[in-house]
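Visitor: predicted model and sequence below, questions to follow.
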Amino acid sequence: EVQLVESGGGLVQPGGSLRLSCAASGFTFSSYGMSWVRQAPGKGLERVSIINKDDGSTNYADSVKGRFTISRDNAKNTLYLQMNSLKPEDTAVYYCAKVLYYSGTYYYDYWGQGTQVTVSS
């Protein structure tokens with residue numbers, strides 16, 4: 001059974017940092033691209049970042065570029081998102097998702113339960 005379990009969310013002041021983790025199980029983690037996707041209150045899903053399986057190349061939404069860093073530890077089956085210089089507009093539920101395939105856009109087949117990130121003074 002595939003499981004994705006996020007952790008590390010919480011309340012942080014503007015300008016602060018958080019590190020999210022996503023523990024994966026039930027599949028060969030190193031064989032799949034992985035992504036962080038967020039949903040802000042009252043808004044749709046936004047892909048924050050993705051890390052590819054083959055070369056570890058990464059891609060970021062313009063809204064987080066230069067502030068967030070995605071990484072993976074294949075030995076620990078864990079995906080990370082280091083978030084620095086957080087802004088109130090980063091407030092959202094953050095999900096990790098397993099990439100099924102890419103065809104002009106990314107398609108996901110499994111999602112975690114999400115972790116809440118709130119940026120507020």
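Guide: Here it is on my side, so go on. Residues are numbered from 1 along each chain as shown.

Visitor: how about the strands in the protein?
Guide: 3-7, 10-12, 18-25, 34-39, 45-51, 58-60, 68-73, 78-83, 92-102, 106-111, 115-119 (DSSP state E).

Visitor: list the contacts for the spatially most central residue of the chain?
Guide: The residue lying closest to the centre of the chain (Cα atoms, centre = their mean) is residue 36, at 2.2 Å. Counting by Cβ atoms under 8 Å, 6 or more residues apart in numbering, residue 36 makes contact with 20, 22, 47-50, 70, 79, 81, 94-97. C-betas here are computed from N, CA, C, even on glycine.

Visitor: ok, the residues you listed vs residue 58, which is closest?
Guide: Proximity of these to residue 58 (Cβ to Cβ) peaks at residue 70, which lies at 5.3 Å.

Visitor: I'd say that closest one and residue 58 touch.
Guide: Yes - Residue 70 lies in contact with residue 58 (Cβ atoms under 8 Å); the separation is 5.3 Å.

Visitor: with neighbour numbers in mind, choose between those two.
Guide: residue 70 (22 against 14; other Cβ atoms under 10 Å).

Visitor: where's that one relative to residue 22, distance?
Guide: The spacing between residue 70 and residue 22, counted by Cβ to Cβ, to the nearest Å, is 10 Å.

Visitor: tell me the pLDDT of the residue lying closest to residue 93 once chain neighbours are set aside.
Guide: Counting by Cβ to Cβ, 6 or more residues apart in numbering, the nearest residue to residue 93 once its immediate chain neighbours are dropped is residue 114, at 4.2 Å. On the pLDDT scale, residue 114 is placed at 97.

Visitor: what is the burial count for residue 114?
Guide: 17.

Visitor: got phi/psi on it?
Guide: phi 90, psi 150 (degrees, to the nearest 10).

Visitor: so what's it up against?
Guide: 6, 39, 93, 94, 95.

Visitor: who is the second one paired with across the strands?
Guide: Assessed by DSSP bridges, residue 39 has beta-bridge partners residue 45, residue 93.

Visitor: what about it, distance to residue 6?
Guide: Taken as Cβ to Cβ, the span from residue 39 to residue 6 is 13 Å.
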